[in-house]
Every structure is written in structure tokens, then in C-alpha cells.
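Peer 1: sharing a sequence plus its predicted fold:
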Amino acid sequence: MIKNIKWLLLISLSFVACNDDDVAGDEPVVAGSADFSKYVALGDSFAAGYSDAALFKKGQQNAYPNLLAGQFAQVGGGVFNTPFCGDDNKGGLLFSGNPIQGTRLYFNGVGPVPVPGPPVTEVLNHLAGPFNNLGVPGAKSFHLLAAGYGNPAGVPGGLANPYFARFASSASTSIIADALTQQPTFFSLWIGGNDVLAYATSGGIGTDQTGNTNPATYGPNDITDPTVFNTVYNGLVTQLTTGGRKGVVANLPYINTLPYFTTVPTNPVPLDAATASQLNTQLLGPIDAILTAYGEGGRIVTVSAGATNPLLIKDESLTNYSAQITAALIANGVPAPQAGLMGGLYGQARHARNTGDKDFVVLPTRTIIGTPQAGVPAPFNTIGVTYPLQDKDVLIPTEVNAIKVATDAYNVTIKNAADAGGLAFVDAKAVMSQLLNGGIRYGNYHLTTQFVVGGAFSLDGIHPSARGYALVANKFLEAINAKYGSTFRSIDLGNYQIQYPASL
């Protein structure tokens with residue numbers, strides 16, 4: 001019943017062409033007022049080079065801090081050490097021989113699939129540092145200050161981070177401590193995305209912890225309290241700028257503008273005339289009539305013959321009319337077991353919206369729309385049509401607003417800290433808005449947020465592609481040039497792929 005969401009494979013994934021914007025001029029490259037001799041990068045998966053749902057060596061080599069370090073080398077920048085994963089480029093992690101993170105995705109001509117075979121990167125095979133790239137996938141703002149965040153003993157219980165455990169200088173250290181021990185002369189800091197990301201990717205299954213200033217009580221999917229973020233972020237910047245150190249920081253885009261949330265439409269349901277009529281008269285119409293009697297008309301809309309009918313979703317922010325629906329159906333002769341099932345299914349159901357207070361369907365949902373829900377009898381089991389998408393499948397407007405409010409507060413903190421510390425500032429939120437609304441052109445290359453073919457994002461719909469990371473590096477270089485009078489040239493995006501093949 002449901003149309004398949006097709007993916008297009010580009011003819012070439014890694015072609016090189018002349019980029020007029022990146023032709024080197026005669027102006028010599030100078031550092032300006034910054035000292036790039038000892039650069040450290042702090043952040044999360046974006047700083048680490050995470051891509052295609054995994055961390056792997058080639059992705060790490062193309063991480064924006066590594067690209068920046070290559071430019072800094074022109075003006076005296078030193079060695080930039082990265083805690084590389086196993087050299088098979090499959091991605092994934094083992095802990096004591098057991099897989100705890102899957103392999104990376106690649107495009108097989110039909111859609112994204114994992115690279116076959118087990119991971120080889122073992123968390124307990126500790127790497128000796130120090131390391132300049134301190135990007136740690138999964139790290140939230142307060143984790144950068146957390147002692148013991150790289151303690152291998154804490155990994156099984158979720159008390160420590162497996163990526164940091166691979167290369168932390170000791171079991172008791174923190175990310176910020178490992179950065180400062182190296183006495184850097186220049187730093188980059190891009191952190192805060194994970195403070196809302198898990199809440200978003202889980203479809204809002206978590207708690208907005210605004211007002212709770214004790215991160216020790218947070219769940220993994222919770223939104224960090226803006227006051228906590230403000231305290232943590234300013235503490236990080238204060239330590240990093242001690243002694244007049246210079247650096248560059250970046251703010252945060254709205255998470256729900258990533259391809260993970262914008263790829264699956266809210267109205268992908270095709271129906272023929274007979275099916276639409278049957279749904280309207282035998283299911284949706286009666287439910288709508290009951291809800292209308294309670295002043296809730298409009299939750300359910302009339303479907304029609306065509307390919308753009310909206311998805312049926314559960315909205316937990318709505319008043320639950322399960323009991324009322326059940327009672328009304330029984331009163332109209334529907335057997336009690338069926339009436340109870342329908343009441344449970346449709347008490348908080350409505351059709352998704354793509355205008356105004358929009359809903360955002362998460363990327364993994366694309367594989368289940370139109371399939372039967374196990375354990376639910378027909379005709380109530382078609383996911384997204386007669387069986388509502390559940391909380392984990394959709395970001396509803398109240399959840400989107402919680403993310404927006406927190407992100408806006410984080411961004412105020414970041415900008416204020418940048419201004420107070422005299423730091424270069426990257427407006428990543430504006431960059432993301434450009435990518436979403438028409439795209440960004442660098443010479444012959446046009447990057448957008450379109451999944452698979454847009455060029456800016458990898459196959460997980462969250463992290464950049466290699467070319468996307470090159471774009472990020474260019475935005476950082478622009479900010480550094482503007483603030484410190486440096487003259488770094490743009491990186492040629494044509495040298496970076498938009499997708500990695502199965503074998504590297």
C-alpha cells in the first residue's frame with residue numbers, strides 16, 4: 001500500500017573538478033595574530049570525524065580538525081595526533097571482544113547498509129598519547145569536564161565513554177585535562193549538539209531537564225538544562241583561554257533540520273479510491289465523529305485517492321480519549337475487545353502535519369511505514385495508516401519546541417563566551433540554514449541537506465560526509481581569518497568524496 005522511498009545513486013562519488021573559488025592567489029599564507037604551533041580540538045563526534053554511523057580511520061583523517069591542522073602546518077603548526085581506529089575502515093567497536101558499536105554504512109545501489117563483517121577496533125587496546133584531536137563521539141557538554149569519563153571499567157555500565165577509554169591518559173582524567181596538559185597555543189571547541197541529539201533521535205523519549213542542575217541524575221536521552229550548559233561552557237572557555245590562548249568556537253544548528261529528520265515526509269501514504277473510501281467510512285470517520293463530540297475534531301482528516309495522504313501518528317501531548325472512544329464504540333454495537341483495541345490505538349492519534357506546527361518523522365521509520373505491526377490484528381495493524389506511528393518514530397511540535405528553546409539558550413551562551421574571550425566564532429546555525437534552504441555553492445560544488453545525494457551529509461543523516469567536513473573546515477578557516485587576520489585559503493571540496501565505497 002505504501003510507496004517505497006527510493007534512493008538515487010550518484011554517477012560519481014568522488015570526482016574532482018576545477019573549483020574557481022579555491023584557486024590559490026599570490027597572497028602568502030600568514031598566521032596573523034594567532035599562534036597555531038600547538039593545536040588541540042575539543043568536541044564530540046563531529047570533531048572526531050564520525051560519519052556513516054561509525055568512527056573509522058578514513059573518516060577521522062577527513063575530520064574538520066585534521067583538515068584545519070593541515071592548513072595550520074603552513075604557518076608553523078606542529079604534529080596533530082589522532083587516536084585512529086583499526087585500519088580496516090569498517091568502523092565499529094569491540095569491548096572485550098564483544099561488538100558494542102556496528103560497522104559503518106555504505107550505499108549498495110538500493111539504500112544504506114552496514115559494511116559486512118565484525119568490527120576490529122578493541123576499546124581495551126589502549127592507545128598512548130597525547131592526542132591533539134580530543135573529539136569524543138557521544139560526549140555532551142558536561143562530559144568534557146567529567147573525571148573518569150575514559151575509565152574502561154565504567155564503559156559496560158554506561159558511566160564512561162568507550163571512545164575516550166581508548167585513548168584517555170588515565171582512568172581518572174577528563175577530556176579538558178588531557179587538552180590542557182599539552183599546553184596548547186590554539187584550540188577549537190564545538191560542543192553541545194549531543195545535549196539535545198539523543199532526545200531528538202529517540203523521538204522525544206527522554207526528559208527536558210530544564211530546571212534540573214544536577215547532570216548526574218540525567219538519563220541518556222535527556223535535554224541538558226541551559227543553566228548547566230552555561231556553567232560548563234564558560235568553565236571550559238575560561239580554562240582554554242588562560243594565558244591569552246586563542247581559539248575558535250561554533251554554535252549549534254537546530255537538530256531537527258538534519259536529514260535524519262527531514263528525509264521522510266509526513267504524507268507518503270498512497271491510497272486507491274476504494275481503500276480511501278473504506279478507511280473513511282469504517283475507521284477514520286467513526287473515530288473522528290467521536291473525537292468531534294468531545295471538541296477534538298480535526299485530529300483525524302479525510303483521506304483520498306492519491307499518493308500524499310498523511311501518516312497517522314500518536315501524539316502523547318494530546319488528551320487521551322481512549323476510554324471515551326471505547327465506550328462510544330461499544331454503545332454502537334462494536335464488540336468490547338475490538339472497541340478496547342481501537343480506543344487504545346486512537347485515544348491520542350492524529351494525522352501528521354507538514355505545515356505550521358510541523359511533525360518530523362525520524363529516518364529509521366522509513367523502513368516500517370506500511371508494514372504490519374506484530375501482535376495487532378488486521379485491519380488495525382498497518383503502520384502509519386491504521387496503526388499510529390509511536391513516540392519513538394516522530395518528533396511532535398512540543399518536542400521540537402523543547403529542542404529549539406534549549407538550543408537557543410546554548411547558542412546565547414556560546415556567542416557570549418566567544419565575544420568575552422575574543423574568540424573566532426562560526427555561525428554553524430546559519431550555515432545549516434543555508435544548506436537547508438537552497439544549499440551552499442563552493443565553485444562547481446553545490447551542497448544541500450538532501451539525503452544521499454545532497455553531498456553535505458553522510459548516510460546516517462546526522463554527521464557530515466567527507467565533503468561536508470571540508471565545508472565545515474572552510475567555515476572555521478573563514479572565521480579564523482576574519483578574527484585573527486590570518487590568510488588561510490579555502491580547501492578544495494573536489495578532493496573529498498560525498499560517499500565512501502564499501503571497501504576503502
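Peer 2: Done, it's in.
Peer 1: how does this protein divide into domains?
Peer 2: 34-83+128-148+173-262+398-495, 269-351+360-395 (automatic domain parsing).
Peer 1: wait, which of these is closest to P28?
Peer 2: With C-beta to C-beta as the measure, domain 34-83+128-148+173-262+398-495 is the member of these nearest P28 (7.0 Å). (C-beta placed from N, C-alpha, C; glycine too.)
Peer 1: next, the distance between the ends of the closest one.
Peer 2: Start and end residues of domain 34-83+128-148+173-262+398-495 are separated by 27 Å (C-alpha to C-alpha, to the nearest Å).
Peer 1: sec struct for D419, please.
Peer 2: helix (DSSP: H, G, I helix; E, B strand; the rest coil).
Peer 1: who touches it in this structure?
Peer 2: Applying C-beta atoms under 8 Å, 6 or more residues apart in numbering, we find D419 in contact with F425.
Peer 1: show me where pLDDT drops low in the chain?
Peer 2: Where the chain drops to pLDDT under 70, the residues are 1-26.
Peer 1: where along the stretch 151-300 of the chain do the helices fall?
Peer 2: Taking DSSP state H, counting those that start in this stretch, the helices of the stretch 151-300 of the chain run over residues 162-165, 175-180, 194-201, 226-240, 259-262, 273-279, 285-293.
Peer 1: so which of the ones you listed comes closest to A409?
Peer 2: helix 226-240 (3.5 Å).
Peer 1: buried residues, the closest one. List them.
Peer 2: 226, 228-237, 239-240 (16 or more other C-beta atoms under 10 Å).
Peer 1: circling back: got a markdown table for the domains of the chain, with distance to P156 too?
Peer 2: Shown next, in a markdown table, are these (distance: least, C-beta to C-beta, whole Å):
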| stretch | distance to P156 |
| --- | --- |
| domain 34-83+128-148+173-262+398-495 | 14 |
| domain 269-351+360-395 | 24 |
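Peer 1: buried deepest among the ones you listed, which one?
Peer 2: When you average the neighbours per residue for each of the domains of the chain (mean count of other C-beta atoms under 10 Å), domain 34-83+128-148+173-262+398-495 leads with a mean of 21.
Peer 1: what's the offset of that domain from the middle of its chain?
Peer 2: The chain centre lies 12 Å from the centre of domain 34-83+128-148+173-262+398-495; the measure is C-alpha atoms, centre = their mean, to the nearest Å.
Peer 1: again, but for stretch 259-270
Peer 2: Here stretch 259-270 is found 16 Å from its chain centre; the criterion is C-alpha atoms, centre = their mean.
Peer 1: what's the end-to-end length of it?
Peer 2: So stretch 259-270: terminal residues 23 Å apart, C-alpha to C-alpha.
Peer 1: ok, now which ones touch the residue nearest to A250 when sequence neighbours are not counted?
Peer 2: In space, and not counting its chain neighbours, A250 is closest to V426: 3.8 Å by C-beta to C-beta, 6 or more residues apart in numbering. Going by C-beta under 8 Å, 6+ apart, V426 touches W190, V248, V249, A250, N251, K475, F476, E478, A479.
Peer 1: can I get these in CSV including distance to V155?
Peer 2: Listed next are these as CSV, based on distance: C-beta to C-beta, whole Å:
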residue, distance to V155
W190, 24
V248, 31
V249, 29
A250, 28
N251, 31
K475, 34
F476, 31
E478, 38
A479, 35
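Peer 1: okay, and which of these map to strands?
Peer 2: Per DSSP state E, strands hold the following members of these: W190, V248, V249, A250.
Peer 1: can you pick out the most distant pair from these?
Peer 2: Comparing all pairs in these by C-beta to C-beta, the longest separation belongs to W190 and V248, at 8.6 Å.
Peer 1: quick check, A276 in contact with T308.
Peer 2: No. Judged on C-beta atoms under 8 Å, A276 makes no contact with T308 at a distance of 11.9 Å.
Peer 1: what's the overlap in contacts for the two?
Peer 2: Common neighbours of A276 and T308 (C-beta under 8 Å, 6+ apart) do not exist.
Peer 1: so which residues of the stretch 51-200 of the chain form strands?
Peer 2: In the stretch 51-200 of the chain, the strands defined using DSSP state E, counting those that start in this stretch lie at 93-95, 98-101, 105-107, 112-114, 133-135, 186-190.
Peer 1: want to throw those strands into CSV with distance to Q74?
Peer 2: Formatted as CSV, the strands of the stretch 51-200 of the chain follow (distance: least, C-beta to C-beta, whole Å):
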stretch, distance to Q74
strand 93-95, 35
strand 98-101, 35
strand 105-107, 34
strand 112-114, 37
strand 133-135, 19
strand 186-190, 14
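Peer 1: of all these, which lies closest to R353?
Peer 2: Distance to R353, taken as C-beta to C-beta, is lowest for strand 112-114 among the strands of the stretch 51-200 of the chain, at 27.4 Å.
Peer 1: coming back round to it: specify which member of the contacts of V426 is nearest to P364.
Peer 2: P364 has its nearest neighbour among those in W190, at 25.7 Å by C-beta to C-beta.
Peer 1: bridged to the closest one, which residues?
Peer 2: G43 (DSSP bridges).
Peer 1: wait, it sits on L236?
Peer 2: No. Applying C-beta under 8 Å, one finds W190 not in contact with L236, separated by 11.4 Å.
Peer 1: do you know how far the residue nearest to G150 when sequence neighbours are not counted is from G92?
Peer 2: Once flanking residues are discounted, G150 sits nearest to A168: 2.7 Å by C-beta to C-beta, 6+ apart. Counting by C-beta to C-beta, to the nearest Å, the gap from A168 to G92 is 20 Å.
Peer 1: okay, these two: which has more neighbours?
Peer 2: A168 (28 against 24; other C-beta atoms under 10 Å).
Peer 1: hmm, D178 and the more buried one touching each other?
Peer 2: Yes. The pair A168 / D178 is scored as a contact, 6.6 Å apart, by C-beta under 8 Å.
Peer 1: next, the residue lying farthest from the centre of the chain: secondary structure please.
Peer 2: Distance from the centre of the chain peaks at G333, with 48.1 Å (C-alpha atoms, centre = their mean). Counting by three-state DSSP, the backbone at G333 sits in coil.
Peer 1: need the contact list for it.
Peer 2: The contact partners of G333, by C-beta under 8 Å, 6+ apart, come to none.
Peer 1: circling back: which residues do W190 and L236 both contact?
Peer 2: L42.
Peer 1: which residues are in contact with F488?
Peer 2: When the contact criterion is C-beta under 8 Å, 6+ apart, the partners of F488 are V29, Q71, Q74, L477, I480, N481.
Peer 1: what's the closest of these to N133?
Peer 2: Out of the contacts of F488, the member with the shortest distance to N133 (by C-beta to C-beta) is Q71, at 14.7 Å.
Peer 1: residues contacting the closest one?
Peer 2: Contacts for Q71 (C-beta under 8 Å, 6+ apart) come out as V29, G77, A473, L477, F488, R489, I491.
Peer 1: quick check, nearest of these to T185?
Peer 2: Ranked by distance to T185 (C-beta to C-beta), the contacts of Q71 are led by G77 at 9.3 Å.
Peer 1: the closest one contacts F36, correct?
Peer 2: Yes. Counting by C-beta under 8 Å, G77 sits close enough to F36 to count as a contact (4.3 Å).
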